[in-house]
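# missing the sequence, but the structure's below:
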């Protein structure tokens, strides 16, 4: 018997040419609440997928409860007592709540037949753990993100786990539910069950974790007790910079125009009665839980959804935005949250990914593309945003998250009439160097007069990059503050739901 | 950057590894044909018959290739070909009375060709609209229209073959311009036009992007519906041209001519480098694959002891082999 | 389950459409609800229904199998011609055909699960391969049915005579096979963990792998099962028709897939069930068999099939689009202060 539930030594993992993990160590003791921290793109999610047997590491060893697993499968990991609450939740949309809760356990028990009675018992037991009420016969696809997250949580608590990994488990749920979850975690700890907790909500991790491991760019930078850390040190380990980024300061120029104005915009099951305005040169943050309507609001302004009522004004003039094409025509660019699915064409060339919105402008009357002028334009954007590539004709797939995100940005920045740039989760899965490049770029763009909206649940990202912040709760804009009046704790408190 | 025109072309050539591979296969098959059946293969009569055969299914392969390029499929292409020739045939019979002058008959024949192309456009537009307007998966939508077009063909012909067309029809389609057969001219012109569209125009680029990820095209402001409909309209036109060629070649039309061509056309398109997952491919690859398949087919004909059904084994086996080969090559490239 | 939930389901609509259509035919011809017409219908839906059950499972797992008519034809043709007269009992014929089908299905499954190619194109390819083997190597011509299967084929469970016209219709033993198959499939899909695995893999492959399901194994199983079933159904078909005609199943794949989708089975996987598949097949069969009663020339039957496929799939495609577009934010009723 080992005192460590998990011991990772020198694990490496590459994706194409990208190093996601570059020889990391991670040790979690039994019955410990351990926080794995790091900025977006540091390799947190990758290590979780290695521990759960979903990714095979390219080097290094994985030891669970004293036993080394040279070839860990998902089933073996579950059998060894590892349960994961994945960030993407990994629920089955086409099955009922009851089945979603019971299936993992039944598979683990090697059951051959379905028993509704047993399924019911398991499901009810799971829900009781976090005091969550939901119709067991409902299809999971019909639930809100928050409910799906609660299902993922309660499912993981069920099995006779020795280690529960929670990857960002609180992005969608209310304060009360977070409290319930923490209660459960403390109970688990008393039973000797270890919890590996991943979150970028500082107040949460400092409240619950005893031990910290911090990753940066796929490497270990810190491992130790919570007491050894304070906020300043934590920030240093996370970012690798002594001094914190200069927060964005917006000096309203006299006569700065209001570029975007939204009046009483509403969309059923999305948001209601949202009004705000945005001046040129401003960076506006929008924060709130997942499922608070922040994405729906942004996508409605962009034209992906059509508002049911309300007005959008660009440069003081009312505009009709009924499609993405209309949005682009009115100078709105949108960097979507799911980069690989919504923003990029992974199997196409980098050049095509960057230039897609401009082809029409670089072609003659018959639609023939002027390759040379496209090439020039792409080359200039690659240089401008210092995107690291070998050849613009290479597949998009060959780029790291950070460089890929810069390509999405280049696509919008190359629009000549761009007035409003909306960034939704701009640094998710982006490596640290590129992340600060993106921050710097955003500030420079704003200084040049672009109006920017950043949607993020990373509080520090919002605080250090925006001059003003809007908070959304349950589809409504509920707070509007200057970031200069806020600190992490106060903004974090504003954005949760009760 | 001082790239000369030639070096640019060379780069294009080396970049399209699939085309290079196909070209090598083409040469290899040619040599194999010469070695195995040299005297029969290298003779004018054989070339003449090969040249007559491939345009009809070659056009269908390009049509289906376009549908694959946007991540879909077109199971109805063969029946668009038949239906358009049947309707054009009825039109021609209706307007071509006895005793019309030679010139008028030719004019009528061309008018009926126009009718065929219009039917191709309408049929393609229907496919495109069902796929993009209602969101029916391409396979089911074109399966439905396959049944529909086939069914209308049966109704219009009474289920048998329709003939009795002016003799000038056959002479137009089977004739030559200079020494090049008309069918080859049609095929070449169509391939050049579609090839340019696919590789050089905004539309072609957009098709490939849509085929790779149609969610991201929405977020990039492309009009998905217009794109899908246009693609299927082009495929419909190609199919109707194929229909015209079959009509002229046999001087008759049937609702179920060339039923085996669907499978063969998919094979050719995939072999020609069109990804069955969508987003990748070009017309020159498909054309080369057409020529390879025609040579293999002619070679098989020269062995009397090989039953013609064995061709199906070869087509099916080849399709799977090509897909697996491309997969292996691709995953090797990915590892770099 | 309450009434509201039932009326929301595709199955409910299909059932209503079938009912309305039957009544229309009855009003028009007066011949629909006669005992021999009903028996005729049940007889002609026997084979498509069994195919449909197999295809439904493949579709739910997120694949599609276009090769089952080829598998059915080849296995059937092999056992009927190469094993003609070898056994007095029909069982060995079925077993060998099932085994052959299983092997062909395994080839499909391996290529699809291993390389992750589009299942439709793979199975179109293997379909060509199998048909080529049958027509090219075994030589496909009509062949008399071996006596053991002939005896099975002439076993009737029911004979219905129309009192007015004197026409009789017989229901062969294969109808019982069909019923057993439907019940067994229902059990497999709903009452076993394997069935749940098929739904899970079709719903979200990654989530299924993380939950500990064997995704590769499940895909293999489903294609093997589809192949084995096709072998079985091929022999059923021959013994029902009392002759070995190798080419008359070719092309059935499309109608069968369409029937499944019509019954609410999703082409992208994870959704649908046996009741829908059964109703979908029933609708397709009833419509194409009732055209004569409606006084429509049989020449129109393909047009009707096409229209049913298009309308039916459009309805489920629109539902699917709505589901995808649906938003899930719980918007609070009143603005907070």
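Okay, I see it. Worth saying up front: this structure is predicted, and the values here are computed from it rather than measured.
# ok, the strand or helix carrying residue C:198 near chain A or not?
According to DSSP states H and E, residue C:198 maps onto helix C:193-203. Yes. Contact of helix C:193-203 with chain A (CB under 8 Å from any CB of the partner chain) involves C:193-197, C:199-200, C:202-203. Quick note: C-beta positions are derived from backbone N, CA and C, even for glycine.
# next, format the residues you listed as TSV and append distance to residue C:238, pLDDT and neighbour count.
Putting the residues of helix C:193-203 next to chain A into TSV (distance: CB to CB, whole Å; pLDDT from 0 to 100; neighbours: other CB atoms under 10 Å in any protein chain shown) gives the following:
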residue	distance to residue C:238	pLDDT	neighbour count
C:193	35	96	18
C:194	30	96	18
C:195	30	96	19
C:196	35	96	25
C:197	33	96	23
C:199	33	97	25
C:200	37	96	28
C:202	32	96	28
C:203	37	94	26
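# before we move on, back to that, the next helix or strand after the helix holding residue C:198 vs chain A: in contact?
As assigned by DSSP H and E, the chain's next helix or strand after helix C:193-203 is helix C:205-210. Yes. Remark: helix C:205-210 sits within contact range of chain A at C:206-210, by CB under 8 Å from any CB.
# rewinding a little: in JSON lines: the residues of helix C:193-203 next to chain A, plus distance to residue A:275.
Converted to JSON lines, these look like this (distance: CB to CB, whole Å):
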{"residue": "C:193", "distance to residue A:275": "52"}
{"residue": "C:194", "distance to residue A:275": "54"}
{"residue": "C:195", "distance to residue A:275": "51"}
{"residue": "C:196", "distance to residue A:275": "48"}
{"residue": "C:197", "distance to residue A:275": "50"}
{"residue": "C:199", "distance to residue A:275": "45"}
{"residue": "C:200", "distance to residue A:275": "44"}
{"residue": "C:202", "distance to residue A:275": "44"}
{"residue": "C:203", "distance to residue A:275": "40"}
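# list the buried residues in stretch C:255-273.
C:255-267, C:269-273 (16 or more other CB atoms under 10 Å in any protein chain shown).
# so which of the residues you listed also contact chain A?
C:270-271.
# on the three-state scheme, the nearest residue to residue B:213 once chain neighbours are set aside is what?
Leaving aside its chain neighbours, residue B:213 sits nearest to residue A:345 (4.9 Å; criterion: CB to CB, 6 or more residues apart in numbering or on different chains). Secondary structure, DSSP: H, G, I helix; E, B strand; the rest coil: residue A:345 is coil.
# among the residues of helix C:205-210 next to chain A, who's most crowded?
For these, the largest number of neighbours (other CB atoms under 10 Å in any protein chain shown) sits with residue C:208, at 27 neighbours.
# for that residue, give its distance to residue C:118.
To residue C:118, residue C:208 is 19 Å away according to CB to CB, to the nearest Å.
# repeat for residue B:189
Counting by CB to CB, the gap from residue B:189 to residue C:118 is 31 Å.
# which one's more surrounded, these two?
Comparing residue B:189 with residue C:118 by other CB under 10 Å, the one with more neighbours is residue C:118, at 20 against 11.
# where in the stretch 151-300 of chain A is pLDDT low?
In the predicted model of the stretch 151-300 of chain A, residues A:242-246, A:252-254 satisfy pLDDT under 70.
# get me the contact residues on it for chain C.
Taking CB under 8 Å from any CB as the contact definition, the stretch 151-300 of chain A meets chain C at A:267-273, A:291-293, A:296.
# in helices, which of these fall?
Residues of those located in helices (DSSP state H): residue A:296.
# just the buried residues from the residues of the stretch 151-300 of chain A next to chain C, in PyMOL please.
With 16+ other CB under 10 Å as the criterion, this PyMOL line picks the buried residues out of these:
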select buried, chain A and resi 267+270+271+272+273+291+292+293+296
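# the residues of the stretch 151-300 of chain A next to chain C in strands, which ones?
Among those, the members falling in strands (DSSP state E) are A:267, A:271-273.
# return the member of those residues nearest to residue A:361.
residue A:267 (31.4 Å; CB to CB).
# where does the most centrally placed residue in chain A land in three-state SS?
Among the residues of chain A, the one closest to the centroid is residue A:428, at 4.8 Å (CA atoms, centre = their mean). Classification of residue A:428 using three-state DSSP returns coil.
# cool, residue B:169 as well?
helix.
# what's the neighbour count on it?
Other residues close to residue B:169 by other CB under 10 Å number 23.
# now swap in residue B:42 and tell me
Per other CB under 10 Å, the neighbour tally for residue B:42 reads 12.
# now it: how far from chain C?
From residue B:42 over to chain C the distance is 27 Å, taken as CB to the nearest CB, to the nearest Å.
# what segments of the stretch 1-150 of chain C are helices?
Here the stretch 1-150 of chain C has its helices, by DSSP state H, counting those that start in this stretch, at C:3-8, C:10-29, C:35-60, C:68-82, C:91-115, C:119-132, C:147-153.
# who wins for proximity to chain A among the ones you listed?
Closest approach to chain A among the helices of the stretch 1-150 of chain C is made by helix C:3-8 (8.3 Å; CB to the nearest CB).
# thank you, goodbye.
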